[in-house]
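**Q** one predicted model, sequence on top.
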Amino acid sequence: MKVLVTGGGGFLGTAICKILIQKDYDVVNFSRNAYPHLSELGIKTVKGDLSDLNSIRIAMKDVEAIFHVAAIAGVWGKYESYYQTNTVGSQNIVSVAKELGIKFLIYTSTPSVVFGKDDINNGDETLEYPTSYLTHYAYTKHLAEKHILSSCDEAFYAVSIRPHLIWGPNDPHILPRLIEKAKVGKLKRVGEGTNLVDIVYVDNAAMAHVLALEKLIVDQSISSNAYFIGQEAPVSLWDFIGKLVALSGEEPIESSISYKKAYFVGSILEQIFSLLGINKPEPPMTRFIATQLAKSHYFSHEKAKKDFGYTPLITIDEGLERTFSKRKENLHLTNLK
């Protein structure tokens, strides 16, 4: 089967591509840029933008299934940028897929589409979208997910995968940001430090996508469903962050700030950055960051287990071993240059 992966050169996209190649799929990547590590796997990249219908058509030529992974993530920036890529881009993917008769689509969503301001303890897929969002990212991903799932019919089948806090070797997001703040003494615990959250090792998140496609092909009854994906159990967020900091060789986190104060500071900084028109860098604190760091947000994965057999193959401990072995290897190579 020939499949298209949008954003195949990214962290999660690369992991999905590797699994697909191992399973002998014919894989095409659709991205703005070419990626040497994908070329080495024998994956062709079609360059283009999610706003360009013609380049999407070229990428989808002879494709039978799509993994739509590409998105703009973040907690700050212009609404229009998030909307055009995350929402309109997804609408374009669906439009061209239907035009070309491509039946199967796996969409990479996020649990943030159901996260407002309150704790979520063992939430499931019956959770409704909140009435308001603290980030453009979450809102535009919600719009995209809603459009994709509502577009399903007897000729087009799709599911939405919601992996939570993806991490692993070569993670370009969570670990580098934590370590950067820890190095300069700016990493503070937000809240009481007892909140539980879901995390997911990158290979587990990738496998969930592939399992979902393989089940969707033989059983279209799962179409139009969303699925939460995580590890074997939620973790105490600040214990986990403390472990990441310690394994990186940094000093333990000793300072803290209350959730109420962090949320207030985030609100003020958002107003200042908005008034000054600052899109980069992002504010050091936002309401969303404060809420994510202080509140519990973990989910049941029973639906994914029941519907397409998802279970995390890489445990948290094994994931940490792989992550920091690779990190040490990369640091060694950097020092040799």
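**A** Thanks, I have the structure now.

**Q** C-alpha only now, for contacts and for neighbours.
**A** Will do.

**Q** quick one: the strands in the stretch 201-337 of the chain?
**A** For the stretch 201-337 of the chain, the strands defined by DSSP state E, counting those that start in this stretch occupy 226-229, 235-236, 256-257, 297-299.

**Q** just checking, what packs against the helix or strand Leu20 falls within?
**A** Using DSSP states H and E, Leu20 sits within helix 11-22. Secondary-structure packing of helix 11-22 (3 or more CA pairs under 8 Å, 6 or more residues apart in numbering; DSSP states H and E): strand 2-6, strand 26-31, helix 202-218.

**Q** buried residues of that helix, list them for me.
**A** Burial within helix 11-22, assessed by neighbour count using 16 or more other CA atoms under 10 Å, is assigned to Phe11, Leu12, Gly13, Thr14, Ala15, Ile16, Cys17, Lys18, Ile19, Leu20.

**Q** one more: stretch 240-257?
**A** By neighbour count on 16+ other CA under 10 Å, the buried set for stretch 240-257 is Ile241, Gly242, Leu244, Val245, Ser248, Glu250, Ile253.

**Q** what does stretch 137-148 give?
**A** Under the neighbour-count criterion of 16+ other CA under 10 Å, stretch 137-148 has Tyr137, Ala138, Tyr139, Thr140, Lys141, His142, Leu143, Ala144, Glu145, Lys146, His147, Ile148 buried.

**Q** strands along the stretch 51-200 of the chain, start to end?
**A** Counting by DSSP E, counting those that start in this stretch, the stretch 51-200 of the chain has strands at residues 65-68, 104-108, 120-123, 157-163, 166-167, 189-190, 196-197, 200-201.

**Q** let me see the residues that make contact with the fourth one.
**A** The contact list for strand 157-163 (CA atoms under 8 Å, 6 or more residues apart in numbering) reads 103-111, 145, 148-149, 152, 199-200, 205, 208-209, 212, 216, 220, 222-230.

**Q** each with direction, which strands does it pair with?
**A** strand 104-108 (parallel), strand 226-229 (parallel) (DSSP bridges).

**Q** now those strands as JSON lines including mean neighbour count, distance to Ile257 and mean pLDDT?
**A** Rendered in JSON lines, the data for the strands paired with strand 157-163 read as follows (neighbours: other CA atoms under 10 Å; distance: least, CA to CA, whole Å; pLDDT from 0 to 100):
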{"stretch": "strand 104-108", "mean neighbour count": "25", "distance to Ile257": "33", "mean pLDDT": "98"}
{"stretch": "strand 226-229", "mean neighbour count": "26", "distance to Ile257": "30", "mean pLDDT": "98"}
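
**Q** turn those into a markdown table, columns for distance to Met60.
**A** Compiled in a markdown table, the strands paired with strand 157-163 are given as follows (distance: least, CA to CA, whole Å):
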| stretch | distance to Met60 |
| --- | --- |
| strand 104-108 | 12 |
| strand 226-229 | 24 |
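
**Q** how about these, which one is nearest Trp76?
**A** Nearest to Trp76 among those is strand 104-108 (20.0 Å), distances taken as CA to CA.

**Q** hey, C-alpha coordinates of that closest one in CSV?
**A** As requested, C-alpha coordinates have been extracted for strand 104-108 and formatted as CSV (Å, rounded to 0.1, in the frame of the first residue of the first chain):
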residue,chain,number,x,y,z
PHE,A,104,-8.4,6.2,4.6
LEU,A,105,-7.0,9.0,6.8
ILE,A,106,-5.4,8.9,10.2
TYR,A,107,-5.3,12.4,11.8
THR,A,108,-2.8,13.4,14.5
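
**Q** which stretches of the protein form helices?
**A** Taking DSSP state H as the criterion, the chain contains helices spanning 11-22, 36-39, 53-59, 79-82, 89-100, 136-150, 174-183, 202-218, 237-247, 259-276, 287-294, 302-308, 316-336.

**Q** so which of the ones you listed comes closest to Val5?
**A** Using CA to CA and comparing these, the one that lies nearest Val5 is helix 11-22, at 7.0 Å.

**Q** show me where the stretch 151-300 of the chain dips below the pLDDT cut-off.
**A** Low-confidence segments of the stretch 151-300 of the chain, defined by pLDDT under 70, are absent.

**Q** tabulate the helices and strands packed on helix 11-22 (JSON lines), appending mean neighbour count.
**A** Output for the helices and strands packed on helix 11-22, formatted as JSON lines (neighbours: other CA atoms under 10 Å):
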{"stretch": "strand 2-6", "mean neighbour count": "24"}
{"stretch": "strand 26-31", "mean neighbour count": "24"}
{"stretch": "helix 202-218", "mean neighbour count": "21"}
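
**Q** neighbours around Asp219, how many?
**A** 13 (other CA atoms under 10 Å).

**Q** and it, how far from Ile161?
**A** Look at Asp219 and Ile161: by CA to CA, to the nearest Å, they are 17 Å apart.

**Q** repeat for Thr6
**A** When Thr6 is compared with Ile161 (using CA to CA), they lie 15 Å apart.

**Q** and Leu143, by the same measure?
**A** In this structure, Leu143 and Ile161 are separated by 15 Å, where distance is defined by CA to CA.
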